[in-house]
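Visitor: Need the 3D shape of this:
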Amino acid sequence: MPKIQKTQIFFLAIIFFGLFGLAGSSRAATYYVATTGNNSTGNGSTGNPWQTVGYGISQMAGGDTLIVKDGTYSGTANFITGVPNGSVGAYTTIKAENPFEVRITRGTDNLLYYDNPIRMNANSYVEVEGFILDIADDSTPPSVVGVTGSDHIKLKKFIVKRSGVLDQYANIVAISGGSTYVLLEDCGVTGGMRYGIYAGGTADTSRYIILRRCVVRNDYSNSTQPKAAFATYGNNAGIGIRDVLYQNTVAIDGQNTWDGTGDPSSRATYAGYYNPKNAADVTYHGTITLNNYGYWGGMGIKELSGTNMTLDSCVIWDSGENYGLRLSGNQDYVSVNKCTIGGNAAGFYHASSPVDNHFLKNTLFYNNTSLSASNYGWATESNNGFNPVGQARGTNPIASTDNLEYITRIEAGSAWDGAADDGGDVGANILNKWGVDGTLWGETGYDQLTDNSLWPWPYEDKIKEVFSEANSSPAGSNPATNDTTRGFASSGTGLYGGPITLTSYIWEYLGSACPAEICTASSDTTAPAAPSGLSVQ
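Guide: Alright, predicted model coming up:
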């Protein structure tokens, strides 16, 4: 028998422990839930699934995956809560087998305060993906999606519709309790609300929050509190909530929710985007507020001691009766660069001081009735574009009667093409996606402008489908009538020749047909007719 060398023994040991040493340790598993499953006789396999989401979650260990098959799941037994924590590189995952083909409703259950259909409470390393949440006629839980005191949470590809009676402080999606490293991506939020997507609170310290490609439409409200589609809510005193990043988010077609009584400054919809009190370090890349009523404006991003607000290539258009951009308070640093602000009563209201670190550059003001309602001045005010030309001011103004064809793009050959201080365009170009898909704050590519086209808008057909569903205003709400097929949810044909979509609505808002490279036949998801008159040879 040949002699076995020490090196051979060493490698045999490695193989042995590789094959058998982990036999007793936990390995990630994949389980299934289906409406036709059974919690008693099922084993969680795809061929013998469990019946309720909650039971499936109760059988999971950290790092496992639960896949929910298509269908409607009703009641708190199907709410996504109590998920075991994952770990670095091994997220615990709850996902729809097919995105947006799983709907979770409250059924007939009477909900308690913390009965959120998605609830992350002191969770870590959890990913939830692909669900429609449809909550009606129960005002008890203040939010449908709640993330509290949690970290490394990814909520992706979800749509929320809230209808019926509401709590005065009902925020449809809420992030609070010192949560960190939270991602909301490819989401839609509609219905009755105070705030659609809300992060922070009067004494909150949440940070490293990313909202990426989320669409919010405010339908109605009975709240006597300020309202908005998106809110980063700062502390009452000092700085708490900070490091919030908005990437390609959209506030659209929001309605006037003020009933005309009392003081509108405390009751009306304030803005599409609103940063109450002392928020800090909030950045907007390629965001849009369009046809969104705001008593204070399209974007009210600064008040009290809020600081470090950055707008980059944003669109603020058709914002109700007052201003496009609103700034107030007494802290420093605001940067507005390469934005397009148009169709407003006034381009901006600026009552923020000191102005040493306030910058307004390369921004196009187009078809506003006036440029400003208040203007404390800017440390730098240069290379801004103006139409009407009589509103021009600052250093190196680019005043022109050129037409703006699209709110999302500056056309080659126009007066604003290449006129920015860095050789780029004056005004917003919102063409590509911001942020690498699925990345949290600090991960590679989380805050880069990618080469991937933003258009057609991801999952726009599903967003329109849910936003178009009937959702009547309950008694005491404003407006009293809610037309869910308004705006981008309208039926009919766009100027480009295909169906009206979120993409075509945004691109065609100024009356030009959506460009062929943006709106193509691929935007029409109608299945082609089966061929006829064929025979097998």
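Visitor: just so I have it, where are all the strands in the stretch 351-500 of the chain?
Guide: Here the stretch 351-500 of the chain has its strands, by DSSP state E, counting those that start in this stretch, at 358-361, 364-366, 370-375, 380-382, 385-387, 398-399, 432-434, 449-453.
Visitor: same question, the stretch 51-200 of the chain
Guide: Counting by DSSP E, counting those that start in this stretch, the strands of the stretch 51-200 of the chain are 65-68, 71-74, 92-96, 102-105, 118-121, 124-129, 131-136, 145-148, 151-163, 171-176, 180-192, 195-200.
Visitor: Tabulate these (TSV), appending mean pLDDT, distance to Ser221 and mean neighbour count.
Guide: C-beta here means a position set from N, CA and C on the backbone, and glycine is covered the same way. Conversion of the strands of the stretch 51-200 of the chain to TSV gives the following (pLDDT from 0 to 100; distance: least, Cβ to Cβ, whole Å; neighbours: other Cβ atoms under 10 Å):
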stretch	mean pLDDT	distance to Ser221	mean neighbour count
strand 65-68	98	31	23
strand 71-74	98	26	17
strand 92-96	98	29	22
strand 102-105	98	22	22
strand 118-121	98	22	22
strand 124-129	98	27	21
strand 131-136	96	15	22
strand 145-148	97	18	24
strand 151-163	97	11	23
strand 171-176	96	11	27
strand 180-192	98	6	25
strand 195-200	97	10	28
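Visitor: Please identify which of those strands is closest to Thr257.
Guide: Using Cβ to Cβ as the criterion, the shortest distance between Thr257 and the strands of the stretch 51-200 of the chain is 9.0 Å, found for strand 180-192.
Visitor: the inter-axis angle of the closest one versus strand 171-176?
Guide: Counting by axes from the mean of the first three to the mean of the last three Cα atoms, to 10 degrees, strand 180-192 lies at 170 degrees to strand 171-176.
Visitor: Packing partners of strand 180-192?
Guide: In terms of contacts (3 or more Cβ pairs under 8 Å, 6 or more residues apart in numbering; DSSP states H and E), strand 180-192 is packed against strand 151-163, strand 171-176, strand 195-200, strand 207-220, helix 460-467.
Visitor: In TSV: these, plus distance to Asp318.
Guide: Listed next are the helices and strands packed on strand 180-192 as TSV, based on distance: least, Cβ to Cβ, whole Å:
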stretch	distance to Asp318
strand 151-163	24
strand 171-176	23
strand 195-200	18
strand 207-220	14
helix 460-467	18
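Visitor: Would you tell me which of those gets closest to Asn362?
Guide: The closest of these to Asn362 is strand 207-220. By Cβ to Cβ, the value is 24.0 Å.
Visitor: Quick one: distance of that closest one to the chain centre.
Guide: From the chain centre to the centre of strand 207-220 is a distance of 3 Å (Cα atoms, centre = their mean, to the nearest Å).
Visitor: do stretch 29-37 as well
Guide: Mean C-alpha position of stretch 29-37 versus that of the full chain (Cα atoms, centre = their mean) differs by 29 Å.
Visitor: Figure out the length between the terminal residues of it.
Guide: Its start and end residues considered, stretch 29-37 measures 18 Å (Cα to Cα, to the nearest Å).
Visitor: right, and the helices and strands packed on strand 180-192 - which one's nearest Asn482?
Guide: strand 207-220 (4.9 Å).
Visitor: Pull up the pairing partners for the closest one, direction included.
Guide: Strand pairing for strand 207-220, using DSSP bridges, gives strand 180-192 (parallel), strand 242-247 (parallel), strand 250-252 (parallel).
Visitor: Could you list the residues in contact with the last one?
Guide: Identification of contacts with strand 250-252 by Cβ atoms under 8 Å, 6 or more residues apart in numbering yields 196, 214-218, 228-230, 272-273, 287-292, 298, 487-488, 502, 506.
Visitor: Ok, stretch 29-49 next?
Guide: With Cβ under 8 Å, 6+ apart as the test, stretch 29-49 has contacts from 50-53, 55-56, 59-61, 64-69, 71-73, 97.
Visitor: Output the below-cut-off pLDDT ranges for the stretch 301-450 of the chain.
Guide: Filtered on pLDDT under 70, the stretch 301-450 of the chain yields no residues whatsoever.
Visitor: same thing but 90
Guide: Applying pLDDT under 90 to the stretch 301-450 of the chain flags residues 320-322, 331-332, 353-356.
Visitor: Could you dump the strands of the stretch 51-200 of the chain into CSV with distance to Asn330 added?
Guide: Shown next, in CSV, are those (distance: least, Cβ to Cβ, whole Å):
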stretch, distance to Asn330
strand 65-68, 49
strand 71-74, 50
strand 92-96, 44
strand 102-105, 45
strand 118-121, 35
strand 124-129, 37
strand 131-136, 40
strand 145-148, 31
strand 151-163, 32
strand 171-176, 25
strand 180-192, 28
strand 195-200, 19
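Visitor: low-scoring stretches of the stretch 1-150 of the chain, by residue?
Guide: Across the stretch 1-150 of the chain, the ranges flagged by pLDDT under 90 are 1-27, 113, 137-142.
Visitor: in it, which spans are helices?
Guide: Under the criterion DSSP state H, counting those that start in this stretch, the stretch 1-150 of the chain contains helices at 6-20, 53-58.
Visitor: about what we covered before: now distance to Gly82 too, for the strands paired with strand 207-220, in TSV please.
Guide: Formatted as TSV, those follow (distance: least, Cβ to Cβ, whole Å):
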stretch	distance to Gly82
strand 180-192	18
strand 242-247	27
strand 250-252	32
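Visitor: Quick check: which of those is nearest to Asp483?
Guide: Nearest of those to Asp483, taken as Cβ to Cβ: strand 180-192 at 12.5 Å.
Visitor: what angle separates that closest one from strand 131-136?
Guide: Using the same axes, to 10 degrees: strand 180-192 against strand 131-136 is 50 degrees.
Visitor: distance between strand 180-192 and the chain's centre?
Guide: Taking mean C-alpha positions (Cα atoms, centre = their mean), strand 180-192 and its chain are 5 Å apart.
Visitor: What of stretch 367-379?
Guide: Stretch 367-379 sits 29 Å away from the centroid of its parent chain (Cα atoms, centre = their mean).
Visitor: buried sites along that stretch?
Guide: By neighbour count on 16 or more other Cβ atoms under 10 Å, the buried set for stretch 367-379 is 367-368, 371-373, 375, 378.
Visitor: can you put those in TSV and add distance to Asn78?
Guide: Listed next are the buried residues of stretch 367-379 as TSV, based on distance: Cβ to Cβ, whole Å:
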residue	distance to Asn78
Asn367	48
Asn368	48
Leu371	53
Ser372	51
Ala373	49
Asn375	53
Trp378	52
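Visitor: I'd like to know which of those residues is nearest to Ala174.
Guide: When the buried residues of stretch 367-379 are compared against Ala174 (criterion: Cβ to Cβ), the nearest one is Ala373, at 32.0 Å.
Visitor: what about Ser352, neighbour count?
Guide: Number of residues near Ser352 (other Cβ atoms under 10 Å) recorded here: 24.
Visitor: Any idea what it is bridged to?
Guide: Gly329.
Visitor: I'd say it and Ser328 touch.
Guide: Yes. Between Ser352 and Ser328 a contact is recorded at 5.6 Å, counting by Cβ atoms under 8 Å.
Visitor: shared neighbours, the two?
Guide: Counting by Cβ under 8 Å, 6+ apart, the shared contacts of Ser352 and Ser328 are Lys302.
Visitor: Compare the strands paired with strand 207-220 and give me the one nearest Glu303.
Guide: So among the strands paired with strand 207-220, strand 242-247 is nearest, using Cβ to Cβ, at 15.2 Å.
Visitor: Give me the contacts around the closest one.
Guide: 199-200, 207-213, 230, 232, 273, 279-287, 308, 433-435, 441, 447.
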